[in-house]
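**Student:** 3D model of this:
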Amino acid sequence: MPFKLLLSILLLLNFHLTSATSFVSQVQDSIAVQEGFPVIGKAKEELFSIYQKSGDLSAAERASIISERIQRIDANTFSKDSLQILKDQERLEVIYGSQILLNITNLDTIGSKKSKQELANFYAEVISANLDIAESKYIPKNVFLKIGFVALILLGLWLALKLIAFLNKRSIRFIESKKDKWLKSLTYNNYTFITPEQELNVILFILKILKWFLILLVVYIFFPLIFSVFEFTQGWSNYLFDLIFSSFGQIFTGIWHYFPNIIKITAIIIVMRYFVKAVKYIFAEIEDEKLQISGFHPDWAMPTFTIIRFLLYAFMFVLIFPLLPGSDSTIFKGVSVFLGVLLSLGSSSAIANMVAGLVITYMRPFKIGDRINIGNTTGNVIEKTLLVTRLKTIKNEEITIPNSAVLSGNTVNYSTFTKEKGEGLIINTTVTLGYDIPYKTVYAALIEAALRTNLIEKQPKPFVLQTSLDDFYVSYQLNAYTKHANKQALIYSDLHQNIQDCCNEMDIEILSPHYRAQRDGNMTTIPKDYLPKDYEAPSFNVKTRKSED
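**Tutor:** Numbering: from 1, shown residues only. Below you'll find the predicted structure:
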């Protein structure tokens, strides 16, 4: 019997200890809850906050359920007598009619410094006050006073619009009276970008935009003021104010948060700009041959600088891109990929020409002003770009050749050896003469013709080559040096004239291409001006002579 009694006492103590431990655990859990969840009443007004859970319901769920029950109460039929506080075992209940609005337990009093009864009374008073205010919003009071307020606001709107119109007219008159003094033509190198009349039209257009902006702004501000007079339209007023001010607030907040990135972008641009200027200065010194680098030609300077500048700006863009707003968005990335695909598909030939242009730059086959031949086209180089090369022919025709075509074909440069240290370009022409004429006489005549020709160098001396011994004639090739490769057509024309003159002076007949002469005392083919006055025709006969020039 004593053993059973002792066992019962131990079991009873264990039960109380377990209950105490559970209660302490609940208290600790309650204390751990620091965040409160608001209870929302009528007109979206925050009444009080719930900090503790109740049973299986969290504090947030309790606040949501209480808010929903309060908002379902009809404010038109609200009666304070129907709002009561009842005690149910260890908790108090705030009841409206037969509907339980909320329960108050011992956990709810933690941290509030109020008893359950005081807390229940507080909650009941707040709910009653909220429902009373909600009821009064549906009861029109001081209607005439509110109508008077509306009329006063409309009067203010009318005065504001009149003031805007008045200021706009005065501004226009003032600007027009000062236009001759303030407005001047914007010119550069005798070219007028904008006249005073055009400047005046731009200013008037800006004033017109400003006027309508102010009108819309004033109307937008006055309408919420009208809505705020009546309780049932105050929600519209708050919405209109929030619509514009929240938008501007978000804009300014976004700018403020983005301001450090703006500073970084500005710093990157400034540093890169001055770095590019420093690189340009170095390459300009190389181009002017003030700075010489072994194996690096001066005409490579500016093309190389263009490439380096492009790479530097590309690197700058890589640094700036992550700092741009929205750069990490999916839409931004999709647009970037789409543009990249379009460029890669549509610019294959352009890229080929650009690569060819770079290769041509470092191959140095020609320069601006050189006389060259590409394929069947001969002309002076007037422009070299990454994509095309432009030539001007002797007929003033401008021919554009893609750089890929230039790179894949042969290029003949007539101007390379006409520079200061070069011997000059050798121009040549072929004359066919018969075997009956001594070659020394032909040499003398051809060299004399070359020396008489303008723009042909005296040193090195012109020379003659016999290129072939054909059936009817000998082919003599006259070669002469010139430093004027761009005037070949004129030089050849003068040279051919002088060849005719010299041959005629030395009694040399140029028979070309086929010539038949019956020498039975007939006159020679040499013009009479070159024959002596006592000249007699030869008596020998020459039946046939064939020659091709």
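
**Student:** show me the shaky parts of the stretch 51-200 of the chain.
**Tutor:** 75-77, 133-143 (pLDDT under 70).

**Student:** can you give me the helices in it?
**Tutor:** Under the criterion DSSP state H, counting those that start in this stretch, the stretch 51-200 of the chain contains helices at 59-71, 116-137, 143-182, 196-227.

**Student:** can I get those helices in a markdown table with distance to V474?
**Tutor:** Backbone N, C-alpha and C define where each C-beta goes, glycine included. Below are those laid out as a markdown table (distance: least, CB to CB, whole Å):
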| stretch | distance to V474 |
| --- | --- |
| helix 59-71 | 116 |
| helix 116-137 | 124 |
| helix 143-182 | 86 |
| helix 196-227 | 77 |
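
**Student:** what's the domain layout of the protein?
**Tutor:** With domains defined by automatic domain parsing, the chain comprises 1-32, 35-137, 143-229, 366-413, 425-546.

**Student:** centre of the chain to the second one, how far?
**Tutor:** Averaging C-alpha coordinates over domain 35-137 and over its chain gives two centres that are 60 Å apart (CA atoms, centre = their mean, to the nearest Å).

**Student:** could I get the domains of the chain as CSV with distance to G340 and mean neighbour count?
**Tutor:** Shown next, in CSV, are these (distance: least, CB to CB, whole Å; neighbours: other CB atoms under 10 Å):
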stretch, distance to G340, mean neighbour count
domain 1-32, 54, 10
domain 35-137, 48, 16
domain 143-229, 37, 13
domain 366-413, 20, 16
domain 425-546, 45, 15
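
**Student:** average pLDDT across the helix or strand in which L391 is found?
**Tutor:** Assigned by DSSP states H and E, L391 falls within strand 388-392. Average pLDDT, strand 388-392: 93.

**Student:** what comes into contact with it?
**Tutor:** If you take CB atoms under 8 Å, 6 or more residues apart in numbering as the criterion, strand 388-392 is touched by 353, 360, 372, 374, 377-384, 398-403, 406.

**Student:** again, only using 6 Å
**Tutor:** Strand 388-392 is contacted by residues 379-380, 382-383, 398-402, 406 when judged by CB atoms under 6 Å, 6 or more residues apart in numbering.

**Student:** cool, stretch 254-268 as well?
**Tutor:** For stretch 254-268, using CB under 6 Å, 6+ apart, the contacting residues are 319-320, 323.

**Student:** quick one: the closest residue to L131 other than its chain neighbours from L102, how far?
**Tutor:** The shortest distance from L131 to any non-neighbouring residue, by CB to CB, 6 or more residues apart in numbering, is to F78 (4.5 Å). Here the distance between F78 and L102 works out to 17 Å (CB to CB, to the nearest Å).

**Student:** L225 reaches L154, doesn't it?
**Tutor:** No - at 9.8 Å, L225 does not count as touching L154 under the criterion of CB atoms under 6 Å.

**Student:** hmm, back to that, what's the PyMOL line that selects buried ones from the contacts of stretch 254-268?
**Tutor:** Buried residues within those, by 16 or more other CB atoms under 10 Å, are selected in PyMOL with:
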select buried, resi 320
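
**Student:** now, the contacts of stretch 254-268 that are in helices?
**Tutor:** If you go by DSSP state H, the contacts of stretch 254-268 have 319-320 in helices.

**Student:** closest to Q198 out of the contacts of stretch 254-268?
**Tutor:** Using CB to CB, I320 comes nearest to Q198 of the contacts of stretch 254-268, at 36.0 Å.

**Student:** go ahead and flag the most central residue of this protein.
**Tutor:** With distances taken as CA atoms, centre = their mean, the residue of the chain nearest its centroid is F317 (10.4 Å).

**Student:** what's the distance between the helix or strand harbouring that one and the middle of its chain?
**Tutor:** Using DSSP H and E, F317 falls within helix 301-320. Centroid separation between helix 301-320 and its chain, computed with CA atoms, centre = their mean, is 15 Å.

**Student:** name the helices or strands packed onto that helix?
**Tutor:** Helices and strands touching helix 301-320, by 3 or more CB pairs under 6 Å, 6 or more residues apart in numbering; DSSP states H and E, are helix 234-287.

**Student:** could you tell me the angle between the helix it packs on and helix 116-137?
**Tutor:** Calculated by axes from the mean of the first three to the mean of the last three CA atoms, to 10 degrees, helix 234-287 forms an angle of 90 degrees with helix 116-137.

**Student:** where do the strands sit along the stretch 301-450 of the chain?
**Tutor:** 371-374, 377-384, 388-392, 398-402, 411-413, 425-433 (DSSP state E, counting those that start in this stretch).

**Student:** tell me the buried residues in stretch 274-287?
**Tutor:** 276, 280, 283, 286-287.

**Student:** what are the contacting residues of that stretch?
**Tutor:** For stretch 274-287, contacts defined as CB under 6 Å, 6+ apart pick out 291, 298, 301-302, 305, 308-309, 312.

**Student:** TSV for those, including neighbour count and distance to H484?
**Tutor:** What follows is those, written out as TSV (neighbours: other CB atoms under 10 Å; distance: CB to CB, whole Å):
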residue	neighbour count	distance to H484
L291	15	33
P298	16	24
A301	21	28
M302	15	27
F305	19	33
I308	15	37
R309	16	37
L312	15	42
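
**Student:** where does the prediction get shaky in the chain?
**Tutor:** For the chain (pLDDT under 70), the answer is 1-35, 75-77, 133-143, 230-241, 243-245, 342-347, 420-421, 512-528, 530-531, 533-549.

**Student:** quick check: end-to-end length of stretch 392-405?
**Tutor:** Using CA to CA, to the nearest Å, one end of stretch 392-405 lies 17 Å from the other.

**Student:** of the contacts of stretch 254-268, just say which sits nearest to N106.
**Tutor:** Nearest to N106 among these: L323, at 55.7 Å, using CB to CB.

**Student:** residues contacting that closest one?
**Tutor:** Each residue near L323 by CB under 6 Å, 6+ apart is listed here: 261, 264-265.

**Student:** how about it, nearest residue that isn't a chain neighbour?
**Tutor:** N261 (4.5 Å).

**Student:** for S329, see how far away the one you found is.
**Tutor:** From N261 to S329 the distance is 15 Å (CB to CB).

**Student:** same question for L157.
**Tutor:** According to CB to CB, L157 and S329 sit 42 Å apart.

**Student:** with E46 instead?
**Tutor:** Distance from E46 to S329, counting by CB to CB: 35 Å.

**Student:** now I510, what's its secondary structure?
**Tutor:** coil (DSSP: H, G, I helix; E, B strand; the rest coil).

**Student:** picking up where we left off before, and which of the contacts of strand 388-392 is nearest to E423?
**Tutor:** N380 (21.1 Å).

**Student:** wait, what's in contact with that closest one?
**Tutor:** Counting by CB under 6 Å, 6+ apart, N380 touches 371, 392, 486.

**Student:** rewinding a little: what's around the residue nearest to L323, how many residues?
**Tutor:** Residues contacting N261 under the criterion other CB atoms under 10 Å number 14.
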